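In: below: sequence and its predicted model.
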Amino acid sequence: MICKNCQKNVATVHLTDVLEEEGPGGQPQVEERHLCEICAQALHLPHASPQPKSMADIWKLLHKSAQKARKRRSTLRCQECETTLEELRQRGRLGCATCYEVFSGYLEELLERMHGAREHRGRLPGVAPASVEQREQIRGLNRELEEAIDAEAYEVAAGIRDKLKGLQAEPPDPENQSL
């Protein structure tokens, strides 16, 4: 592979930078650079030095990298209300509806740390547990019905349809109903 900088020498230094911005499919964007030893040293890259780094140098490099990442994140700003990611972290509140889209990566990560999942799992306020269970049974039967129809198992599909009609006609248990 030829050096991407000078286009002359063989590339011996290969750098992969993971960028803060997300690319298609929500995956982080990756930038690859292939350089020869001379160009890498001219750019003062920590990877280009042939002698091993001391622990102090490694810590400095990590600190510098963290500062760059913080700086990139602080530049993330909502186009509607001008709220930055740093302001969101300090206040704990979004500025407008557009902020949900702009800061979605941060919010998903935050919710996963707080709740252990990115989707709601559990009880819905104001809905009886029996009602939720009945809805889940109906969803499951609807999936089974679609599978049976796709498989052209019409007798099985008719039985599932009858179960669905019975469940949908049956009101949830009023004792467990919330106000």
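Out: Perfect, I can see it now.
In: low-confidence regions, this structure specifically.
Out: Under the criterion pLDDT under 70, the flagged ranges of the chain are 20-27, 45-55, 70-74, 171-179.
In: apply 50 and report the result again.
Out: Across the chain, the ranges flagged by pLDDT under 50 are 48-52, 176-179.
In: and the longest helix anywhere in the chain, what does it pack onto?
Out: Ordering each helix of the chain by length in residues (DSSP state H) puts helix 129-150 first. Applying 3 or more Cβ pairs under 8 Å, 6 or more residues apart in numbering; DSSP states H and E, we find helix 129-150 packed against helix 154-169. Glycine gets a C-beta too; all of them are placed from N, C-alpha and C.
In: what residues sit buried inside the helix it packs on?
Out: If you call a residue buried by 16 or more other Cβ atoms under 10 Å, then helix 154-169 has these buried ones: 157, 160-161, 164.
In: kindly reformat those as TSV containing distance to L85.
Out: Output for the buried residues of helix 154-169, formatted as TSV (distance: Cβ to Cβ, whole Å):
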residue	distance to L85
A157	51
I160	49
R161	51
L164	47
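In: quick revisit: residues of the longest helix of the chain that come out buried?
Out: Neighbour counts over helix 129-150 (16+ other Cβ under 10 Å) mark 131, 134, 141, 144-145, 148 as buried.
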